[in-house]
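Asker: Predicted model, plus sequence, below.
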Amino acid sequence: MEKLREIYESFYNALIPEQRYLAYLDGLKMTLLISFFAVILGVIIGIVVATVRVSAKSSKNVILKILAKICSIYITVFRGTPLMVQLMIIYYMIFTSRNTNPIVVGAVCFGLNSGAYVAEIVRAGIESVDYGQMEAGRSLGFTGLQTMRYIILPQAVKNILPALGNEFIVLVKETSVISVIAINDLTKMAGFVGTRTFDPLPPYIIAACVYLVIVLILSKLLSIFERRLAKSDHN
Amino acid sequence: MIITKNLQMSFGDHQVLKGIDQHIEKGEKVVVIGPSGSGKSTFLRCLNLLEEPTGGEIWFEGTKITDSKNDINKIRQKMGMVFQQFNLFPHKTVKENITLAPIKLGLMSQTEADKKAEELLERVGLPEKADEYPNMLSGGQKQRIAIARSLAMNPDVMLFDEPTSALDPEMVGEVLELMKELALDGMTMVVVTHEMGFAREVANRVLFIDEGVVKEENEPGEFFANPKDPRLVEFLSKVL
């Protein structure tokens, strides 16, 4: 009984006095904003890179071939180095000015990193669509890009949604790394509360629960979306 | 309408088409037959540059389409193509399959395209399928929708690449029937097929392609009654 009371008090201390719950909310807001823009940037980069790489394969266009080479170097570098190192390099080399917007730093860093993974997922998705679809699109008079946009990508996205969802979930959790460059995300704020109360465990458990809830909500949304896209499958 | 001059096509070292000269007139129905691997499908696919020829020229309605200066996408709008595997868009309803290209290419408004789709579905005998998805249809129905999809672009010529080869035997009839109706309406058609009955009944001219060249061509009566090329005689003895 005494033990339970202790636990209750330590969590109470980590949440209520000095309106500490507001700290978590601020951190949550930062985490969500960074994740949101990073996902968007990652998806855009991923689709562009994958499209370039797939198109270059069947094309003789020299510029496209060079672009595809650049894309594949990008993927190699961002998949081949640790996220934390990338974050440091981007932060210290590119955003040297003191008052850089933390959301921009986070979105650019995580977006670039995620884009490399999304590109490979999207490429697998595009290649999973029967080549006859491309031929059908082209024979109707669509350009290669139009066929990609109206015919191939919608089908590709349906095939890769589980993998893409997984990537988003990983991304949300990985944003916690940004606390090392003094950006006040959820993890960092939990750390602050811990130093204030001299009891770091409860704040981190609270933060963990918040991440878990975000991920659960995200999974739910994705499965609803997946079911909606599957409507053309029913026989 | 379509002219090919010394049309050649190679895949690596393998030369599939060894110089084909053809002149397809407006309103003509040309049926192409030949053993598998003869290059007949490749010939058809070259006509709208789905395969890019490695030699020779192709002219369509006075435009040299093998010249990269000419916009092939514009030209393809006037050349409908029907595939062996149908290639309907599985993520779109039947009606959307038909209206997608005319709308997105800016040729029709949504209302015009919908009206056109309804007319075409009536014409291919599937008006009740408008809002279903392709994988709920039988093979024969899919191919009829694929034909409707091509017709929605108001093409000047229709290319058929073995349109009945992937169908159950009982569904071949409905597709051939629709193609016959199209022919009667005066559509210019180039058809690669193994359906000799169709060739005999509908074609103005039958081509026999073997080993990358046109070995024999004639109007269907003479073509089937008095084949001259020994390979054609042998081929016909196997398929008839």
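Answerer: Yes, it's here.

Asker: Report the buried residues of stretch B:221-231.
Answerer: B:223, B:224, B:227, B:231 (16 or more other Cβ atoms under 10 Å in any protein chain shown). In this view, the C-beta of every residue, glycine as well, is placed from N, C-alpha and C.

Asker: no wait, stretch B:104-117
Answerer: For stretch B:104-117, by 16+ other Cβ under 10 Å, it's B:104, B:105, B:107, B:108, B:113, B:114, B:116, B:117.

Asker: again, but for stretch A:37-57
Answerer: A:37-39, A:41-43, A:45-47, A:49-56.

Asker: same check, this time on stretch B:32-43
Answerer: Residues B:32, B:33, B:34, B:35, B:38, B:39, B:40, B:41, B:42, B:43 are the ones in stretch B:32-43 that count as buried (16+ other Cβ under 10 Å).

Asker: What separation do you get for the closest residue to the second one other than its chain neighbours and residue B:47?
Answerer: Using Cβ to Cβ, 6 or more residues apart in numbering or on different chains and skipping residues adjacent in sequence, the residue nearest residue B:33 is residue B:208, 5.8 Å away. Between residue B:208 and residue B:47 the distance is 17 Å, computed by Cβ to Cβ, to the nearest Å.

Asker: ok, now residue B:99?
Answerer: As judged by Cβ to Cβ, residue B:99 and residue B:47 stand 25 Å apart.

Asker: where does chain B come near chain A, residue by residue?
Answerer: B:48, B:50, B:73-74, B:76-77, B:79-81, B:83, B:85, B:87-93, B:100-101, B:104-105, B:133-136, B:149-150, B:153 (Cβ under 8 Å from any Cβ of the partner chain).

Asker: for the closest residue to residue A:56 other than its chain neighbours, helix, strand, or coil?
Answerer: Sequence neighbours aside, residue A:68 is the residue nearest to residue A:56 in space, at 3.5 Å (criterion: Cβ to Cβ, 6+ apart). What DSSP: H, G, I helix; E, B strand; the rest coil gives for residue A:68 is helix.

Asker: any idea which element the residue sitting furthest away from the middle of chain B lies in?
Answerer: Relative to the centre of chain B, the most outlying C-alpha is that of residue B:111, 28.2 Å out, by Cα atoms, centre = their mean. Per DSSP states H and E: residue B:111 is located in helix B:110-123.

Asker: quick one: stretch A:18-34 to chain centroid distance?
Answerer: From the chain centre to the centre of stretch A:18-34 is a distance of 19 Å (Cα atoms, centre = their mean, to the nearest Å).

Asker: Stretch B:159-172 now?
Answerer: 12 Å.

Asker: can you list contacts of it?
Answerer: B:41, B:44-45, B:47-48, B:79-86, B:138-140, B:143, B:147, B:175-176, B:179, B:189-195 (Cβ atoms under 8 Å, 6 or more residues apart in numbering or on different chains).

Asker: for chain A, what spans make up the helices?
Answerer: Using DSSP state H, the helices of chain A run over residues A:2-15, A:21-57, A:62-80, A:83-89, A:102-128, A:131-139, A:144-147, A:153-174, A:186-197, A:201-229.

Asker: Give the phi and psi angles for residue 200, as a check.
Answerer: Just going to use chain A. phi -70, psi -20 (degrees, to the nearest 10).

Asker: Now for it: which residues touch it?
Answerer: Here residue A:200 is in contact with A:191, A:194 (criterion: Cβ under 8 Å, 6+ apart).

Asker: same thing but 10 Å
Answerer: The contact partners of residue A:200, by Cβ atoms under 10 Å, 6 or more residues apart in numbering or on different chains, come to A:14, A:190, A:191, A:193, A:194.

Asker: related to what we said a few turns ago, the residue farthest from the centre of chain B and residue A:120, how far apart?
Answerer: In terms of Cβ to Cβ, residue B:111 sits 42 Å off from residue A:120.

Asker: do residue A:197 as well
Answerer: For residue A:197, the distance to residue A:120 - Cβ to Cβ - is 43 Å.

Asker: One more: residue B:15?
Answerer: 37 Å.

Asker: how about the residues of chain A that lie near chain B?
Answerer: A:60, A:129-144, A:146-147, A:149-152, A:154-155, A:157-158, A:229, A:231-235 (Cβ under 10 Å from any Cβ of the partner chain).

Asker: Give me the buried subset of these.
Answerer: A:129, A:133-142, A:144, A:146-147, A:149-152, A:154-155, A:157-158, A:229, A:232.

Asker: Checking residue B:125 next. Helix, strand or coil?
Answerer: Per three-state DSSP, residue B:125 ends up coil.

Asker: Is it in contact with residue B:175, as I believe?
Answerer: No. The pair residue B:125 / residue B:175 is not scored as a contact, 11.0 Å apart, by Cβ atoms under 10 Å.

Asker: Just want to know which of these two has more residues nearby.
Answerer: It is residue B:175, of residue B:125 and residue B:175, that has more neighbours when counted by other Cβ atoms under 10 Å in any protein chain shown, with 25 against 14.

Asker: from the chain's centre, how far out does the stretch of helix or strand the more buried one belongs to sit?
Answerer: Using DSSP H and E, the element containing residue B:175 is helix B:169-184. Put simply, helix B:169-184 sits 13 Å off its chain's centre (Cα atoms, centre = their mean).

Asker: Stretch A:123-136 now?
Answerer: 25 Å.

Asker: Kindly calculate the angle that the lowest-mean-pLDDT helix or strand in chain A makes with helix A:201-229.
Answerer: Least confident element among the helices and strands of chain A, by mean pLDDT, DSSP states H and E: helix A:2-15 (a mean of 81). Orientation note: helix A:2-15 sits at an angle of 70 degrees relative to helix A:201-229 (axes from the mean of the first three to the mean of the last three Cα atoms, to 10 degrees).

Asker: returning to what we had before: restricted to helices, list the residues of chain B next to chain A.
Answerer: Going by DSSP H, the helices hold B:73, B:74, B:76, B:100, B:101, B:104, B:149, B:150 from these.

Asker: who wins for most neighbours among those residues?
Answerer: Highest count within these by other Cβ under 10 Å belongs to residue B:149, 31 neighbours.

Asker: So it is in contact with residue B:93, correct?
Answerer: No. In this structure, residue B:149 is not within contact of residue B:93 by Cβ under 10 Å, at 11.9 Å.

Asker: what is in contact with the two at once?
Answerer: With Cβ under 10 Å, 6+ apart, residue B:149 and residue B:93 have common neighbours residue B:99.

Asker: Would you mind pulling the contact partners of the least confident helix or strand of chain A?
Answerer: With Cβ under 10 Å, 6+ apart, helix A:2-15 has contacts from A:20-24, A:190, A:193-194, A:196-207.

Asker: which of the residues you listed count as buried?
Answerer: A:20, A:23, A:24, A:190, A:193, A:194, A:196, A:197, A:202, A:203, A:206, A:207.

Asker: so which of these comes closest to residue A:115?
Answerer: Distance ranking of the buried ones among the contacts of helix A:2-15 against residue A:115, using Cβ to Cβ, places residue A:207 first at 26.6 Å.
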